[in-house]
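Participant: No letters, just coordinates:
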């Protein structure tokens, strides 16, 4: 990790063994995890107001005596000194026993486990659509750059990218849900349990919202990456040598152009679970975003810590996965030697 | 290339005169109109325009109130014009700061030594993992109010995503052949960054700026309502907030209530994008070559 | 759009081959005990349960029927020809999760407590203005201090066990030991409770004519055989959500919310709706959109006034409306100058046109605040005191105090400009808008107001840190509201004003006036309802005079429902439309 390293990013791999490299990466992520865990512990407790309000209506809480308050705080573990709470918290993270939610007495792990699959379904489906459409349009946009229409496509993408999720979601609900009644307005399943039709119908509008608002970003990034590669000297040379355009694109442009896009998408997946808060709230989708939002609003410390932990883990894991899969796409990294 | 429409002296010095191009000129005119409207609102509309009640609540558009009135009976057109100033000022400032921050930090992470790059990237991870809502409430609790504070908070919250993108781009740029060639010939790193890599980061700076500006307009309203500003001051963001909480989407009023500020934001975004992509095209020699 | 073509493929298992239901992901069947394991998790992969058909069908593809099903409205179109007086299934929407629906785990007073009360019956119930017996046959008392409550015959818990007088005694003692919980009641005034056969006797520490309304009608009776061993009440699971009420909590799942089914053995009347589904939809606009499509049949959110006309004009949508007792107030920090001076507080009260607030922020769907706080329709009300709005009087009073307007038109009092911060909850639209209007109104009399919006927890932390008034307060003025119960009980009204934090735990303004304290002593020691009402009349004159806060308005309630599914909704003051009378033909 030490030592100033000035050469190209592909080459650290060349210098050190693959294992050392990965080890370093993992060490980094452990640090990220520790910092994030500490913040996840501290930030909720810095918020004004505390979990006391979960123990009754304000009128009922008001008549609690000092002893009763102390008793509740001790019983539910938010009355201990902060460092004791922190140690308990670290222990709970290590043992993956995240305690019980203060708001409804459920196991935090159970609450998360209930919500996670829905978020993964929602986010996963959207990612597939966003990536496929975004990359396809981006590649076309990059190739057609010279035909003069590229700029307008780009501006279209910037405009689409600037649509707030809430707006699009509401418009979809009003038109497709209320006016035309072709898609249900809320929830994840129909009244008669989990069916394929029900799942698909209930996914339609949330996925459309996430996909449309997500495409612009991928498009712009892919297009810019394509342009970078297309205008690079090797490709220009190859073009000058008369290699047919189709072959040139397939063999020399796509892979290097999509490499940074791949990393970007991998990292985005990790964050999307949190990013689906708006969509999950508007469409009443029972996922992790809604759970997190509720936990923050309720000042439910254990549940907040739990959901934050999952989000952090997702990000770190996707980062790691991006690192691991990078060599599969980049021949230089795979062979461990620089091409040039 | 717009040679047909250009004046004679343009032929002599094409590069400089064509800084904008036709697209760019359209964008510039649009932008001028929007900024002009904001300036008009700032200088010529009477004090309290858009804040005073002038009609009854939920009026439909009429000659007196071309865009109708809001839920308190205040003129929506006035709010749109007055709000332009508030929204655009904050949006431009924050977008500029964020873009610079993202470019510098992302660039450093891309070309800097490994330990720096790692620190920055993992720092970004941590920043992105923290829930925005919690950060906003904390900022409101401990930092208090004010335009400056709002701008700083927005910039601090918005920089990590573009920084990550720009870092990835600078990685690509750094490994490009001509940069490596220049490096082989012993060029200084800073020089390399600015001379070559900037061309490659450029295309992403425009969307970053535009995207950030748009998000600032929306986020600003959220911040105002969480205690970081004046929720009663007209801005495009607050108008949209009231559209949202009043359920205007479910009635016909969204046409004249939600439509105009939405359109205004879209037009601003389009104008910025037109100018931005146009300038970028002409500054980027590689794109020039490829045309 | 995925379903843009309005058709979707659905896999239907071939006839004759039963679906595998013993999979770990199968939905519980109807004969599973309704009281245990009501809390189920629903996962998307349950769709795989449909696939066992694949295994059988793989030998013969023809057996697997691929059916085209038209989609539309999410498949919850109300069955045609269904009587509106009864219904098979009614879906209502609530805004947030309500935990396991025991009296200790619901999260909100409304609608959480209302839902709990559908599962747990109380000894008495308020019908119209009267308190009548529910689990108790009648409420017998001579002196408002000793209450004799003979229970009805044939009462059972949802699990079939008999409900006895011992359960009632147990409940009182349990609430005494566990004060925390949203629907937990304060039973500290019950000095002694005993059971004799099927009759319960409660003796209070002092006569309280409001006891039947405030306690007996609010205290959910708990089954001793299930609750006796419970210590951590806030972790009570759905297996403890077993009451004696008209509805049984059958299922609480993460994806669809709650399913309540009619109690087949309900002894007190006929339950008119077989299944009550409760969906959790946080976004208000989505709730009303779903109501318009018929995906839900009732929204527990008050219809915003601006949407009322539009909803009413739609076929099949009905509105049930009435008086809400929740109040909206403008609090003064009575401990902070210049609000320690009643003259200043009164002048500000006089400067606020509450009628304008009702007309503008609520579009008329509200009642202007009584300067004496008590709602004109409350059982404690004693005549209308009218509005205090009087701009001239306000200006005159401020002039008399020597508060001369400075250069910017803002008055200066004792060397300080009269410029104050007004806190308001970001989630409350009518209060935000009212705060803006109040700023305009006070500007008219030379007082500057800076409106600060914040999330409600941050605001609570400033106004009422830790819900403990003895910890002081940190604000100038704040928008505020009290829930319905506060308006209905003289005891709670007294808690708003007592200067001693022990007696006045709701005194968030820090009001302190010895004469008022004496008047409150008089009020709470009155032994008859008539006596209390008279004393309350005196009190409200005193409140109007002292102006510890400004009572701005009381919102009216209006709730929308699908009349084509079920139209039996009735209004009960203080409970709105979500209560037993909407679902049960009582035979009391």
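Facilitator: Cool, got the structure. What you see is a predicted model, and the numbers here were worked out from it, not measured in a lab. Numbering: from 1, shown residues only, chains lettered A, B, ... in the order given.
Participant: May I ask which helix or strand of the chain has the lowest mean pLDDT?
Facilitator: Since no chain was named, I'll use chain A. helix A:12-15 (a mean of 48; mean pLDDT, DSSP states H and E).
Participant: could you list every residue that touches the closest residue to residue C:381 other than its chain neighbours?
Facilitator: Once flanking residues are discounted, residue C:381 sits nearest to residue C:374: 5.2 Å by Cβ to Cβ, 6 or more residues apart in numbering or on different chains. (Glycine included, C-beta is placed from N, CA and C.) When contacts are counted by Cβ atoms under 8 Å, 6 or more residues apart in numbering or on different chains, residue C:374 touches C:380, C:381, C:382, C:487, C:493, C:536, C:540.
Participant: sec struct for residue C:374, please.
Facilitator: Following DSSP: H, G, I helix; E, B strand; the rest coil, we place residue C:374 in the coil state.
Participant: And it, how far from residue B:208?
Facilitator: Distance of residue C:374 to residue B:208, given as Cβ to Cβ, to the nearest Å: 58 Å.
Participant: what packs against the helix ranked longest in chain B?
Facilitator: What stands out as the longest helix in chain B, according to DSSP state H, is helix B:76-111. Using 3 or more Cβ pairs under 8 Å, 6 or more residues apart in numbering or on different chains; DSSP states H and E, the elements in contact with helix B:76-111 are helix B:21-43, helix B:114-129, helix B:147-158, helix B:160-175, helix B:198-223, helix B:236-245, helix B:259-283.
Participant: So which of those helices is nearest residue C:258?
Facilitator: helix B:236-245 (26.6 Å; Cβ to Cβ).
Participant: by how many degrees do the closest one and helix B:259-283 diverge?
Facilitator: If you take axes from the mean of the first three to the mean of the last three Cα atoms, to 10 degrees, helix B:236-245 sits at 140 degrees to helix B:259-283.
Participant: Any residue of helix B:236-245 touching chain A?
Facilitator: Yes: using Cβ under 8 Å from any Cβ of the partner chain, helix B:236-245 reaches chain A at B:240, B:244.
Participant: Buried residues, the next helix or strand after that helix. List them.
Facilitator: Downstream of helix B:236-245, the first helix or strand assigned by DSSP states H and E is helix B:254-257. By 16 or more other Cβ atoms under 10 Å in any protein chain shown, the buried positions in helix B:254-257 come out as B:254, B:256, B:257.
Participant: From the chain's centroid, how far away is helix B:254-257?
Facilitator: The chain centroid and the centroid of helix B:254-257 are separated by 24 Å under Cα atoms, centre = their mean, to the nearest Å.
Participant: Show me what that helix is packed against.
Facilitator: Against helix B:254-257 (3+ Cβ pairs under 8 Å, 6+ apart) you get helix B:236-245.
Participant: before we move on, back to that, for the buried residues of helix B:254-257, give me JSON lines that also has pLDDT.
Facilitator: JSON lines is the format used below for the buried residues of helix B:254-257 (pLDDT from 0 to 100):
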{"residue": "B:254", "pLDDT": "79"}
{"residue": "B:256", "pLDDT": "83"}
{"residue": "B:257", "pLDDT": "84"}
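Participant: Run a quick neighbour tally on residue B:32.
Facilitator: Residues lying near residue B:32 (other Cβ atoms under 10 Å in any protein chain shown) number 12.
Participant: Now do the contacts for residue A:278.
Facilitator: Residue A:278 makes contacts with A:165, A:166, A:169, A:289, as judged by Cβ under 8 Å, 6+ apart.
Participant: out of the contacts of residue C:374, who's nearest residue C:88?
Facilitator: Closest approach between the contacts of residue C:374 and residue C:88, by Cβ to Cβ: residue C:487, at 37.0 Å.
Participant: Assign a three-state SS to the closest one, would you?
Facilitator: Secondary structure assignment for residue C:487 (three-state DSSP): helix.
Participant: most centrally placed residue in the chain?
Facilitator: All of this is about chain A. For chain A, the residue nearest the mean C-alpha position is residue A:271 (1.8 Å; Cα atoms, centre = their mean).
Participant: Can you look at chain C instead?
Facilitator: Geometric centre of chain C, nearest residue: residue C:110, 2.0 Å, by Cα atoms, centre = their mean.
Participant: That residue falls within a strand, correct?
Facilitator: No: using three-state DSSP, the assignment for residue C:110 is helix, not a strand.
Participant: Keep only those of the contacts of residue A:278 that are in strands.
Facilitator: Judged by DSSP state E, strands contain none of the contacts of residue A:278.
Participant: quick one, helices of the stretch 251-400 of chain C?
Facilitator: Applying DSSP state H, counting those that start in this stretch to the stretch 251-400 of chain C gives helices spanning C:284-293, C:305-313, C:342-351, C:354-361, C:391-400.
Participant: is it possible to export these to JSON lines including mean pLDDT, mean neighbour count and distance to residue B:265?
Facilitator: Shown next, in JSON lines, are those (pLDDT from 0 to 100; neighbours: other Cβ atoms under 10 Å in any protein chain shown; distance: least, Cβ to Cβ, whole Å):
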{"stretch": "helix C:284-293", "mean pLDDT": "92", "mean neighbour count": "25", "distance to residue B:265": "20"}
{"stretch": "helix C:305-313", "mean pLDDT": "84", "mean neighbour count": "16", "distance to residue B:265": "24"}
{"stretch": "helix C:342-351", "mean pLDDT": "95", "mean neighbour count": "22", "distance to residue B:265": "38"}
{"stretch": "helix C:354-361", "mean pLDDT": "92", "mean neighbour count": "22", "distance to residue B:265": "27"}
{"stretch": "helix C:391-400", "mean pLDDT": "94", "mean neighbour count": "16", "distance to residue B:265": "41"}
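Participant: between the ones you listed, which one is nearest to chain A?
Facilitator: helix C:284-293 (4.7 Å; Cβ to the nearest Cβ).
Participant: list the helices and strands that closest one packs on?
Facilitator: Other elements packing on helix C:284-293 under the criterion 3+ Cβ pairs under 8 Å, 6+ apart are strand C:87-94, strand C:298-299, helix C:305-313, strand C:549-562.
Participant: who wins for proximity to residue C:417 among these?
Facilitator: Ranking the helices and strands packed on helix C:284-293 by proximity to residue C:417 (Cβ to Cβ) places strand C:549-562 first, at 21.0 Å.
Participant: buried sites along the closest one?
Facilitator: Neighbour count says strand C:549-562 has C:549-562 buried, by 16+ other Cβ under 10 Å.
Participant: any chance of those in JSON lines, plus distance to chain A and pLDDT?
Facilitator: Output for the buried residues of strand C:549-562, formatted as JSON lines (distance: Cβ to the nearest Cβ, whole Å; pLDDT from 0 to 100):
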{"residue": "C:549", "distance to chain A": "16", "pLDDT": "96"}
{"residue": "C:550", "distance to chain A": "20", "pLDDT": "95"}
{"residue": "C:551", "distance to chain A": "17", "pLDDT": "95"}
{"residue": "C:552", "distance to chain A": "19", "pLDDT": "95"}
{"residue": "C:553", "distance to chain A": "20", "pLDDT": "94"}
{"residue": "C:554", "distance to chain A": "17", "pLDDT": "93"}
{"residue": "C:555", "distance to chain A": "18", "pLDDT": "91"}
{"residue": "C:556", "distance to chain A": "22", "pLDDT": "90"}
{"residue": "C:557", "distance to chain A": "19", "pLDDT": "90"}
{"residue": "C:558", "distance to chain A": "20", "pLDDT": "92"}
{"residue": "C:559", "distance to chain A": "18", "pLDDT": "94"}
{"residue": "C:560", "distance to chain A": "14", "pLDDT": "94"}
{"residue": "C:561", "distance to chain A": "17", "pLDDT": "95"}
{"residue": "C:562", "distance to chain A": "14", "pLDDT": "94"}
